[in-house]
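>>> Let me see the structure of the following:
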Amino acid sequence: MSACVYMIGGGAVTPVGLDAPQTCAGIRARAVRIEEVLRTAPFGKPQAVARVPAHWTLRRTPVGWLVNLAARSVAEIAARHALDARRTVLVAIPPEPFRQAAFDDPAAFATFGAAIAARSRLAFRDVRQVAQGGAASTIAGLREAAALLAGDGIEHVLVGGADSYVIDREYDRLDAAGRLRTEGTAQGLTPGEGAAFVLLARERPGAAATSLEILGTGDAQEAQSATSSGYSQGRALVAALRAAASAAGLAEASIDWVVSNGNGERYASWEALLARARYYRTRRERLIVHYPALSVGEIGAASGALALLMSAHGFARGYRAGSIAMIELASEGAGRAACVVRAVRRRDGS
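Presented below is the predicted three-dimensional model:
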């Protein structure tokens, strides 16, 4: 990226944790919180999902539920970092547009970011949202944050999203495509839900325990997306990986490990297998790849920020060697994106 941008904190609400520390610790411990719900069509058919535990009143509407999840994540960051909202911009990432019809009130996504700000009761300097939505849009959010931080008067930018696949219409759509994890489909995704946001700043943190430097980003469009009739050959993901490494000024051999939003379905596994064989050409004993979706299920627009949080957690807790990680993000639609991050050590070098 043209200017230094640092991730100095974050917030999250997922099936395995109601804040970022709980979520990261739960994923690190390989905790899984999957339960069975009954589908409406075919009536009574059980479906394994990863749900966030919550009172039913918070789930009155699907969009309202996402707003509540996101607002909790944002409030967590604001409380932990004593944010001055008047010098902070919120950049929200909604579900992908083609999926929004599955929610009861898709028109509400037009003011998704504003609703999150209102629910969190924070008077942000500005509220924006990434129109294309989905996991890969996290990279567009990071770029927008870099541009905002390069200007005057902005100290922090919050980037993240909220999403849910725990919706009957989504079960039907994915099941019809053979992409839903069921008794008859082992290589299918587990519907999940959650929210995750990261706090970005232009100044290197002094003593932040969870901090990364965003070195470079890249994105591309996949012609044969998960919603098409074909299988991806991984070309768009490879292009995104190369662009991110080039922007960071690093060779592929510098990448120590990977965080991916891969969800376990056949399509995603095929794409990742081909892309990694083409991009990671340096001989390694093994390429360590971390998959948060194994614990939280498919969480769509929230998975990008969660991947950043998990990379920071891995460096901070010392269970991942090296100092450079690659974030791989694939939306359900055409979006493919990547981000190279570097661990930021404390001032004393620890």
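>>> Break the protein down into its domains, please.
5-201, 215-343 (automatic domain parsing).
>>> Now render these as JSON lines, adding mean pLDDT.
Output for the domains of the chain, formatted as JSON lines (pLDDT from 0 to 100):
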{"stretch": "domain 5-201", "mean pLDDT": "95"}
{"stretch": "domain 215-343", "mean pLDDT": "94"}
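>>> In CSV: those, plus mean neighbour count.
In short, each C-beta sits where N, CA and C put it, glycine included. Below are these laid out as CSV (neighbours: other C-beta atoms under 10 Å):
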stretch, mean neighbour count
domain 5-201, 20
domain 215-343, 21
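>>> Is residue 141 in contact with residue 94, as I believe?
No - counting by C-beta atoms under 8 Å, residue 141 sits too far from residue 94 to count as a contact (11.3 Å).
>>> any common contacting residues for the two?
Common neighbours of residue 141 and residue 94 are listed as residue 130 (criterion: C-beta atoms under 8 Å, 6 or more residues apart in numbering).
>>> end to end, how far does stretch 24-40 reach?
33 Å (C-alpha to C-alpha, to the nearest Å).
>>> Work out the gap between that stretch and the centre of the chain.
With C-alpha atoms, centre = their mean, to the nearest Å as the basis, stretch 24-40 stands 17 Å off its chain's centre.
>>> which other residues reach it?
The contact list for stretch 24-40 (C-beta under 8 Å, 6+ apart) reads 12, 14-17, 44-51, 53, 166, 168, 171, 190, 292, 294-297, 309-310, 313-314, 317, 319.
>>> can you rerun that using 6 Å?
15-17, 44-50, 168, 171, 292, 295, 313 (C-beta atoms under 6 Å, 6 or more residues apart in numbering).
>>> residue ranges of the strands in the stretch 151-300 of the chain, please?
Secondary structure of the stretch 151-300 of the chain, counting by DSSP state E, counting those that start in this stretch: strands at 156-164, 193-201, 212-221, 257-260, 289-290.
>>> how about a markdown table for the ones you listed, with distance to residue 31 added?
Supplementary listing: those in a markdown table, determined by distance: least, C-beta to C-beta, whole Å:
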| stretch | distance to residue 31 |
| --- | --- |
| strand 156-164 | 19 |
| strand 193-201 | 14 |
| strand 212-221 | 23 |
| strand 257-260 | 17 |
| strand 289-290 | 14 |
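>>> rewinding a little: what's the most distant pair in the contacts of stretch 24-40?
44 and 313 (39.6 Å; C-beta to C-beta).
>>> nearest spatial neighbour of residue 116, skipping sequence neighbours?
Closest residue to residue 116 apart from its sequence neighbours, by C-beta to C-beta, 6 or more residues apart in numbering: residue 70 at 4.5 Å.
>>> Following the chain past the helix or strand that contains the one you found, name the next helix or strand.
Element membership of residue 70, judged by DSSP states H and E, is helix 62-81. For helix 62-81, the following helix or strand on the C-terminal side (DSSP H and E) is strand 88-93.
>>> Can you name the next helix or strand after that following strand?
helix 112-120.
>>> Restrict that following helix to CA atoms and write it as PDB.
This file holds the C-alpha atoms of helix 112-120, laid out as PDB (Å, rounded to 0.1, in the frame of the first residue of the first chain):
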ATOM      1  CA  PHE A 112     -26.500  -1.000   6.600                       C
ATOM      2  CA  GLY A 113     -23.600   1.000   7.800                       C
ATOM      3  CA  ALA A 114     -25.700   3.800   9.200                       C
ATOM      4  CA  ALA A 115     -27.900   1.300  11.100                       C
ATOM      5  CA  ILE A 116     -24.800  -0.200  12.700                       C
ATOM      6  CA  ALA A 117     -23.600   3.300  13.700                       C
ATOM      7  CA  ALA A 118     -27.000   4.100  15.200                       C
ATOM      8  CA  ARG A 119     -27.200   0.800  17.100                       C
ATOM      9  CA  SER A 120     -23.700   1.300  18.500                       C
END
